[in-house]
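**Q** what's the 3D shape of this:
(one chain, ligands or ions: 1)
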Amino acid sequence: MKIVKTDSSGYVLECDCEREFRGGRMRLTFECTRCGRVAYAAEIIGDWLLSRRGTEARLTGAPF
Ligand SMILES: [Zn+2]
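**A** Numbers count the residues shown, from 1 in each chain. Okay, here's the model as predicted:
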């Protein structure tokens, strides 16, 4: 499971089963609305932040 994008109302997530769904902020876990898979919010938000940092580093040419 991963975050696709964020907006003011929360996160849009994509599950491994390819379902996209919305997860609110301040949630401890995110649960897929299709297959019921549960992921820890802290874990996938962390992955998302790391991937964003990697993209920005490449765009600016800064060493990671
Ligand atoms: Zn799913």
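
**Q** near the ion at all, stretch 15-28?
**A** Yes: using CB under 5 Å from the ion, stretch 15-28 comes into contact with the ion via 15, 17, 19. For glycine as for every other residue, the C-beta is placed from the backbone atoms N, C-alpha and C.

**Q** so can I have TSV of the residues you listed showing pLDDT?
**A** Shown next, in TSV, are these (pLDDT from 0 to 100):
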residue	pLDDT
Cys15	97
Cys17	98
Arg19	97
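
**Q** show me what the helix or strand of the chain with the lowest mean pLDDT is packed against.
**A** Using mean pLDDT, DSSP states H and E, helix 41-60 stands out as the lowest-scoring helix or strand of the chain, at a mean of 83. Judged by 3 or more CB pairs under 8 Å, 6 or more residues apart in numbering; DSSP states H and E, the packing partners of helix 41-60 are strand 2-7, strand 29-31.

**Q** now render these as a markdown table, adding mean neighbour count, mean pLDDT and distance to Ala39.
**A** Below are the helices and strands packed on helix 41-60 laid out as a markdown table (neighbours: other CB atoms under 10 Å; pLDDT from 0 to 100; distance: least, CB to CB, whole Å):
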| stretch | mean neighbour count | mean pLDDT | distance to Ala39 |
| --- | --- | --- | --- |
| strand 2-7 | 12 | 92 | 9 |
| strand 29-31 | 17 | 96 | 5 |
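
**Q** I'm done for today, thanks for sticking with me.
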